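>>> dropping the sequence and predicted coords here.
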Amino acid sequence: MSHSTKLRGAVVAACTTALLTGSALLSAPSQAQAGLQTRAEKQVNAFFGQYRDAVLGQNPNQDPTEVRQEFLTPGLNTELDRWAADHQADPVFRAQNVPDDWSVAYAGSGAGHSTVILTEKWRDGSTTDVWYQVRLAGLRIDGLQDPPA
């Protein structure tokens, strides 16, 4: 085999490796992004964490009402006040006690909103889903409800 044939073979092998590696790299960001939270998920997570801390007295800068005013629309705050009066429970937790932990999951977007499902985790191992609606413009939370039947 001549030197130029060996060189050509090495170049072809290097190009093939680069193409295969390059295509894998092109797909890597989308796979990596699958583990990242959307802006709406981050907003719901921040709200819930700050609200929970305020309810537990662990947020010295805000009480629960102030946290709600920061993250929620006035209309949603009014709805939650009615819900609390009707159910004698915390309108965000949808319960009389505070969940031990929670997680958020993106559920889709449309008409300028994203839906985020927040799963509350309780001490007894049970969970409760609460559906949040977040305006994409401004990231204000304007919907919070029990899962659709």
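That came through, no problem.
>>> contacts only, for Gln50.
59, 62, 67, 70-71 (C-beta atoms under 8 Å, 6 or more residues apart in numbering). Quick note: C-beta positions are derived from backbone N, CA and C, even for glycine.
>>> swap the cut-off to 7 Å and go again
Applying C-beta atoms under 7 Å, 6 or more residues apart in numbering, we find Gln50 in contact with 59, 62, 67.
>>> and if you look at Gln43?
134, 139, 141 are the contacts of Gln43 under C-beta under 7 Å, 6+ apart.
>>> next, count neighbours for the nearest residue to Gln145 once chain neighbours are set aside.
With sequence-adjacent residues excluded and distances taken as C-beta to C-beta, 6 or more residues apart in numbering, Gln145 is closest to Trp131, at 5.3 Å. Trp131 has 15 neighbours, counted by other C-beta atoms under 10 Å.
>>> now the helix or strand containing Trp131: buried residues?
Element membership for Trp131, per DSSP states H and E: strand 127-135. Along strand 127-135, these residues count as buried under the neighbour rule (16 or more other C-beta atoms under 10 Å): 128, 130, 132-135.
>>> what is the mean pLDDT for that strand?
Averaged across strand 127-135, the pLDDT comes to 97.
>>> poorly predicted segments of this protein, please.
1-35 (pLDDT under 70).
>>> which stretches in it count as strands?
Counting by DSSP state E, residue ranges of the strands within the chain are 101-110, 113-121, 127-135, 141-145.
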